[in-house]
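[1] Structural data only, the sequence is not supplied:
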Ligand SMILES: Nc1ncnc2c1ncn2[C@@H]1O[C@H](COP(=O)(O)OP(=O)(O)OP(=O)(O)O)[C@@H](O)[C@H]1O
């Protein structure tokens with residue numbers, strides 16, 4: 001079926017399922033807002049208890065849409081898919097399947113991030129089956145026939161039974177994880193026509209933004225809802241599908257079809273200058289974008305050099321304006337944000353894995369304190385307080401919140417006194433405050449050699465270990481590409497480095513420009529998303545570049561080599 005060309009101001013049939021395919025900056029979000037308003041003004045199927053469901057991928061996406069809808073929010077429910085399914089399906093109806101799965105449904109208040117429990121892991125036979133604890137991060141659900149099964153990404157064998165045993169230990173305690181929400185919602189809807197009818201009647205319209213990052217279970221849920229009464233609309237860009245590791249499948253968007261569905265395409269790019277669009281059009285071929293606004297700007301620039309020096313150079317070029325850096329890895333983003341040098345080939349580890357302390361109680365408290373300090377530095381005070389309150393020695397009248405805030409304030413004021421010092425300094429400072437019961441580290445005296453723990457605390461620099469803190473919602477200037485999804489900035493510097501502990505390799509790491517494969521290579525899509533965030537100026541920082549590549553990119557990018565500039569001065 002042919003795709004009808006539309007733009008972000010087009011009005012489409014509000015009573016037909018639709019799918020919109022469009023590249024970056026096409027105005028997908030703008031279209032979604034005006035389509036919702038169109039439905040609000042023209043539909044006679046809405047009411048006090050009959051709303052439009054508008055689903056987007058992140059909480060930042062939710063906030064953007066809520067803001068842009070202004071005071072037209074009365075009949076719209078904007079939410080992430082997990083919150084929506086939890087609120088309307090899992091929370092009210094989990095009791096229907098709780099006995100079957102051994103879930104303590106009365107204790108469930110919200111879904112949680114899956115934090116691996118080594119204790120539970122050891123109680124299964126997964127270790128004997130050669131599954132390592134880190135494999136547990138790749139657990140996901142898939143639909144097989146009339147039930148959902150658990151699997152580990154990248155493994156061929158069937159581990160469902162053992163994984164189920166592991167999961168049940170959480171469920172018995174009233175803990176369910178985000179991935180469980182999808183599986184339970186599907187199971188409830190698939191087994192109860194009545195609940196499906198209730199959901200359809202509450203939500204006669206169901207729109208999903210960023211649909212390229214959907215996963216197969218989510219797609220099946222949407223198909224069930226769309227069977228009758230509810231009009232489903234999906235919007236996305238397969239070249240921006242960057243969540244394969246969470247189970248998103250780039251083919252899902254291409255293959256998504258509903259009976260009677262109208263398919264549309266947008267070819268404009270309202271965001272970037274013509275020169276940036278020209279480069280983006282080299283990376284992808286399925287949609288050739290054009291600039292309807294003829295935005296003029298400089299040619300994208302490849303800067304050869306270290307990220308911090310490159311950033312300084314870019315800052316000089318753009319003057320007063322802000323520069324946003326986008327990196328593939330958390331480690332790189334944290335390094336730039338904290339102005340710390342980054343060694344190519346360094347491997348990223350979460351602080352929970354990287355932190356060494358054989359005393360489990362002390363380990364937990366110190367990790368939480370480091371996380372809380374780093375969250376608070378980025379103004380994520382809610383997360384910081386949550387980390388600390390469970391460890392506080394004395395709970396105040398506000399469930400520990402006031403003490404947590406006082407402690408954080410103190411630690412932020414003192415930051416410069418311990419941030420570039422060994423962890424020992426932080427440990428002593430925290431002990432001094434008296435807010436936590438932390439098991440003491442025995443200090444060696446005289447000729448006696450220090451214990452491994454004392455040695456670790458005295459030789460590990462705080463700022464080094466703080467780079468391992470993962471920031472979940474990051475709106476700082478220096479963030480990962482995944483956290484920049486849906487955003488746009490005047491000046492962007494994309495930092496290209498070796499991935500996952502590998503040294504930089506031009507053919508692989510600059511492949512998204514030299515030999516792009518947008519369908520087959522997720523890394524290419526991630527870098528495409530990064531480049532497409534730039535409105536005015538795009539810089540791409542690489543550690544080195546060969547003459548052959550420079551020639552290949554001629555006409556699309558200019559190259560500035562900071563090593564050459566330095567040797568000239
Ligand atoms: N018709 C239009 N005229 C002028 N500006 C527009 C128009 N449509 C969108 N824009 C602007 O273009 C930019 C990109 O729009 P929007 O964020 O809706 O794109 P998108 O398709 O959702 O992008 P992405 O998928 O890359 O996140 C925004 O600054 C928006 O205000």
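    Structure's in. What do you need? Just so it is clear, the model here is predicted, and its values are computed rather than measured. Residues are numbered from 1 along each chain as shown.
[2] interface residues of the stretch 1-150 of the chain facing the ligand?
    By C-beta under 6 Å from any ligand atom, the part of the stretch 1-150 of the chain that sits against the ligand consists of 8-9, 22, 24-30. To be clear about C-beta, it is placed using only N, CA and C from the backbone, and glycine gets the same treatment.
[3] Go again with 5 Å.
    Residues of the stretch 1-150 of the chain found near the ligand, taking C-beta under 5 Å from any ligand atom as the criterion, are 8, 24-30.
[4] Which one of those residues is nearest to residue 564?
    Checking those against residue 564 by C-beta to C-beta gives residue 24 as the nearest, at 32.3 Å.
[5] thought that closest one was touching residue 240?
    Yes - checked against C-beta atoms under 8 Å, the pair residue 24 and residue 240 is within contact range at 6.6 Å.
[6] sorry, back to before: among the residues of the stretch 1-150 of the chain next to the ligand, name the ones in helices.
    Members of those lying in helices (criterion: DSSP state H): 28-30.
[7] what about residue 542, distance to residue 524?
    Residue 542 is 15 Å from residue 524, where distance means C-beta to C-beta, to the nearest Å.
[8] And for residue 325?
    Using C-beta to C-beta, we find residue 325 at a distance of 19 Å from residue 524.
[9] And residue 478, by the same measure?
    22 Å.
[10] neighbour count winner among residue 542 and residue 524?
    Comparing residue 542 with residue 524 by neighbour count (other C-beta atoms under 10 Å), the higher total belongs to residue 542, at 23 against 20.
[11] Contacts only, for the more buried one.
    Under the criterion of C-beta atoms under 8 Å, 6 or more residues apart in numbering, the contact partners of residue 542 comprise 302-304, 496, 504, 506, 509-510.
[12] Can you say which of the ones in helices among the residues of the stretch 1-150 of the chain next to the ligand are buried?
    Buried by 16 or more other C-beta atoms under 10 Å: 28-29, out of those.
[13] Now do the contacts for the residue of the stretch 201-350 of the chain found nearest the ligand.
    Per C-beta to the nearest ligand atom, the residue of the stretch 201-350 of the chain with the smallest distance to the ligand is residue 270, at 3.3 Å. By C-beta under 8 Å, 6+ apart, the contact set of residue 270 is 8, 25-27, 30, 291-293.
[14] State the pair within those residues that is farthest apart.
    Between all members of the contacts of residue 270, the longest pairwise span (C-beta to C-beta) is found for 30 and 291 and amounts to 15.6 Å.
[15] Show me which residues of the stretch 201-350 of the chain sit near the ligand.
    Applying the criterion C-beta under 5 Å from any ligand atom, the portion of the stretch 201-350 of the chain that neighbours the ligand consists of 270-271.
[16] Helices of the stretch 201-350 of the chain, start to end?
    In order along the chain, the stretch 201-350 of the chain carries the following helices (DSSP state H, counting those that start in this stretch): 216-226, 250-255, 274-283, 307-318, 330-337.
[17] which parts of the second one are buried?
    By neighbour count, with 16+ other C-beta under 10 Å as the criterion, the buried positions of helix 250-255 are 250, 252-254.
[18] what's the answer for the longest one, then?
    For helix 307-318, burial by neighbour count (16+ other C-beta under 10 Å) applies to 307-308, 310-311, 313-314, 318.
[19] So, low pLDDT: which residues of the stretch 451-569 of the chain?
    Along the stretch 451-569 of the chain, the model assigns pLDDT under 70 to residues 566-569.
[20] try it again with 50
    Counting by pLDDT under 50, the stretch 451-569 of the chain shows no low-confidence range.
[21] For the ligand, give me its nearest residue in the stretch 401-550 of the chain.
    Going by C-beta to the nearest ligand atom, the ligand is nearest to residue 486 of the stretch 401-550 of the chain, at 4.4 Å.
[22] Let me know the secondary structure of that residue.
    Reducing the assignment at residue 486 to three states with DSSP: H, G, I helix; E, B strand; the rest coil gives coil.
[23] Identify the spatial nearest neighbour of it, chain neighbours not counted.
    Closest residue to residue 486 in three dimensions, ignoring its sequence neighbours and counting by C-beta to C-beta, 6 or more residues apart in numbering: residue 61, at 5.4 Å.
[24] How much space separates that neighbour from residue 485?
    8 Å.
[25] Could you do residue 168 as well?
    Taken as C-beta to C-beta, the spacing of residue 168 relative to residue 485 amounts to 34 Å.
[26] what do you get for residue 498?
    Look at residue 498 and residue 485: by C-beta to C-beta, they are 23 Å apart.
[27] Pick out whichever of those two has more residues nearby.
    Using other C-beta under 10 Å as the criterion, residue 498 and residue 485 rank with residue 485 on top: 20 against 17.
[28] contacting residues around the more buried one?
    57-58, 61, 210, 240, 242, 529.
[29] same thing but at 7 Å, please
    Applying C-beta atoms under 7 Å, 6 or more residues apart in numbering, we find residue 485 in contact with 57-58, 529.
[30] Tell me which other helices or strands the lengthiest helix in the chain touches.
    Taking residue count as the measure and DSSP H as the definition, the longest helix of the chain comes out as helix 360-377. Packed against helix 360-377, as judged by 3 or more C-beta pairs under 7 Å, 6 or more residues apart in numbering; DSSP states H and E, are the following elements: helix 351-354, helix 381-389, helix 401-413, helix 462-466.
[31] for stretch 382-400, what is the average pLDDT?
    What stretch 382-400 shows for mean pLDDT is 80.
[32] Can you list the buried residues in that stretch?
    Applying 16+ other C-beta under 10 Å to stretch 382-400 flags 383-389, 391-392, 400 as buried.
[33] And stretch 166-182, by the same measure?
    166-167, 169-171, 175-182.
[34] what sits up against that stretch?
    Contacts of stretch 166-182 from elsewhere in the structure, counted by C-beta under 7 Å, 6+ apart, are 82, 85-86, 90, 101-104, 107-108, 111-114, 120-121, 123-124, 126, 139-141, 150, 217-218.
[35] quick one on the thing from earlier: wait, which of the buried residues of stretch 382-400 is closest to the ligand?
    For the buried residues of stretch 382-400, the closest approach to the ligand (C-beta to the nearest ligand atom) belongs to residue 383, at 25.1 Å.
[36] ok, now which ones touch that closest one?
    Neighbouring residues of residue 383 by C-beta under 7 Å, 6+ apart: residue 375.
[37] any idea how far residue 473 is from it?
    According to C-beta to C-beta, residue 383 stands 8 Å off from residue 473.
[38] Next: residue 407.
    Spatial separation of residue 407 from residue 473 under the definition C-beta to C-beta is 22 Å.
[39] neighbour count winner among these two?
    Just comparing residue 407 and residue 473: by other C-beta under 10 Å the higher neighbour count belongs to residue 407, 24 against 14.
[40] thought that one was touching residue 387?
    No - applying C-beta atoms under 7 Å, one finds residue 407 not in contact with residue 387, separated by 10.8 Å.
[41] and the helix or strand where residue 527 lies, does that touch the ligand?
    With elements delineated by DSSP states H and E, residue 527 resides in helix 522-531, which encompasses its position. No - Helix 522-531 does not reach the ligand (C-beta under 5 Å from any ligand atom); its nearest approach is 7.6 Å.
[42] Following element in sequence after that helix, please.
    Per DSSP H and E, helix 522-531 leads on to strand 534-542 as the next helix or strand towards the C-terminus.
[43] Would you give the sheet partners of that following strand, along with the direction of each?
    In its sheet, strand 534-542 lies beside strand 301-304 (parallel), strand 489-495 (parallel), with partners assigned from DSSP bridges.
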